[in-house]
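Asks: Structure of the sequence below:
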Amino acid sequence: MTTTFFAPPDYIADGRIVLPDDEARHAVRALRHSVGDEIVVVDGAGGRYRVRLTEADKRGAAGEIVGTERDVGEPTHRLIIGLGVLKNAGRFETFVEKAVELGVTDIVPLVTERTERSILKAKRLDNILIAALKQSGRSRLPTLTNPQPLADRLVEHAEGLRILCHEAADPEPLLPRVLARNPAQDITILVGPEGGFSDSEVADAEVAGWTVASLGPRRLRAETAAIAAASVAMLHKSL
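Replies: Next comes the predicted model:
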């Protein structure tokens, strides 16, 4: 499998890419790339490049672009997943990694009535986003917003289908059936933190025009529910 490297757009100019220091070290010291080798680089803004190295030593790595593709591995519509910030930071990080792999375009940490913490390690999450981007064959970094109150998200204007997943929802409608009844369009799905959404939050969502859906009869951990919802939506958008 070809290793993919990451260089943001400001490292790319005049048909040439300079790898950031950490990426250059990985290319030269760990993978033993040398001048003349061809590597693959993504910029997180939809660009995927074939690059022939013209510099590769302890001072850094850079090369000329010999091929360009756009939006490789990207979905045709937006898939926005909101998840209540979790008490266990590692579980939220697992969700972020899997969300990138599954094609989520926007990740929204939510602050809800049952949220027990609202601070995220932004730098660590950025590193997780980039690593998952490279691993999954995508070319565009998902947007990761700052933690947002659920009440604000519920009243924001959003195009497409808006769904709130709730463990106490009636068995119908199941999320796959809600998606199947709607044509291809942007999708926003919200999942609560540990303990789920409160009854008042669900009621507020319904008043605001959101569809309340179930993920089935079993009780899922919050991050599992969000990953499951993203998986179902990804498959729906692929059909």
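Asks: Find the nearest non-adjacent residue to the residue nearest the centre of the chain, please.
Replies: For the chain, the residue nearest the mean C-alpha position is V100 (3.5 Å; CA atoms, centre = their mean). Sequence neighbours aside, A132 is the residue nearest to V100 in space, at 3.6 Å (criterion: CB to CB, 6 or more residues apart in numbering). From N, CA and C alone the C-beta is placed, and that goes for glycine too.
Asks: What count of nearby residues applies to the one you found?
Replies: 19 (other CB atoms under 10 Å).
Asks: Check for me that it belongs to a helix.
Replies: Yes - A132: assigned to a helix according to DSSP: H, G, I helix; E, B strand; the rest coil.
Asks: still on that earlier bit, next SSE after whatever helix or strand the residue nearest to the centre of the chain lives in?
Replies: In this assignment (DSSP states H and E), V100 forms part of helix 89-102. Where DSSP H and E defines the elements, the next helix or strand beyond helix 89-102 is strand 106-111.
Asks: Other residues contacting that next one?
Replies: Strand 106-111 is contacted from outside by 78-85, 92, 96, 99, 118, 120, 142-150, 153, 190, 192-193, using CB atoms under 8 Å, 6 or more residues apart in numbering.
Asks: Can you flag the buried ones in those?
Replies: 78-85, 92, 96, 99, 120, 142, 144, 148, 150, 153, 190, 192-193 (16 or more other CB atoms under 10 Å).
Asks: can you tell me which of those are in helices?
Replies: Of the buried ones among the contacts of strand 106-111, the ones assigned to helices by DSSP state H are F92, V96, A99, L150, R153.
Asks: Just name the closest of those to A56, please.
Replies: V96 (31.8 Å; CB to CB).
Asks: Chain neighbours aside, what residue packs nearest to that closest one?
Replies: V96's closest residue in space is I128 (CB to CB, 6+ apart), at 5.4 Å.
Asks: Count the residues that sit near that neighbour.
Replies: Neighbours of I128 (other CB under 10 Å): 20.
Asks: returning to that earlier point: what comes up buried for the helix holding V100?
Replies: Buried-residue list, helix 89-102, by 16+ other CB under 10 Å: R91, F92, E93, T94, F95, V96, E97, K98, A99, V100, E101, L102.
Asks: domain ranges for this protein?
Replies: 4-70, 79-238 (automatic domain parsing).
Asks: so which of these is the most packed in?
Replies: domain 79-238 (a mean of 18; mean count of other CB atoms under 10 Å).
Asks: so for it, what's the average pLDDT?
Replies: Average pLDDT, domain 79-238: 93.
Asks: angle of the helix or strand where A228 lies against helix 89-102?
Replies: Element membership of A228, judged by DSSP H and E, is helix 222-238. Calculated by axes from the mean of the first three to the mean of the last three CA atoms, to 10 degrees, helix 222-238 forms an angle of 10 degrees with helix 89-102.
Asks: Helix 222-238: how far from the chain's middle?
Replies: 12 Å (CA atoms, centre = their mean, to the nearest Å).
Asks: Could you tell me which other helices and strands it packs against?
Replies: Other helices and strands packing on helix 222-238, by 3 or more CB pairs under 8 Å, 6 or more residues apart in numbering; DSSP states H and E, are strand 79-84, helix 89-102, strand 161-165, helix 175-180, strand 187-191.
Asks: Verify the stated contact: the residue nearest to the centre of the chain with K134.
Replies: No - look at V100 against K134 with CB atoms under 8 Å: they stay out of range, at 9.7 Å.
Asks: Take the helices and strands packed on helix 222-238 and write them to JSON lines, including distance to R59.
Replies: What follows is those, written out as JSON lines (distance: least, CB to CB, whole Å):
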{"stretch": "strand 79-84", "distance to R59": "41"}
{"stretch": "helix 89-102", "distance to R59": "31"}
{"stretch": "strand 161-165", "distance to R59": "50"}
{"stretch": "helix 175-180", "distance to R59": "51"}
{"stretch": "strand 187-191", "distance to R59": "46"}
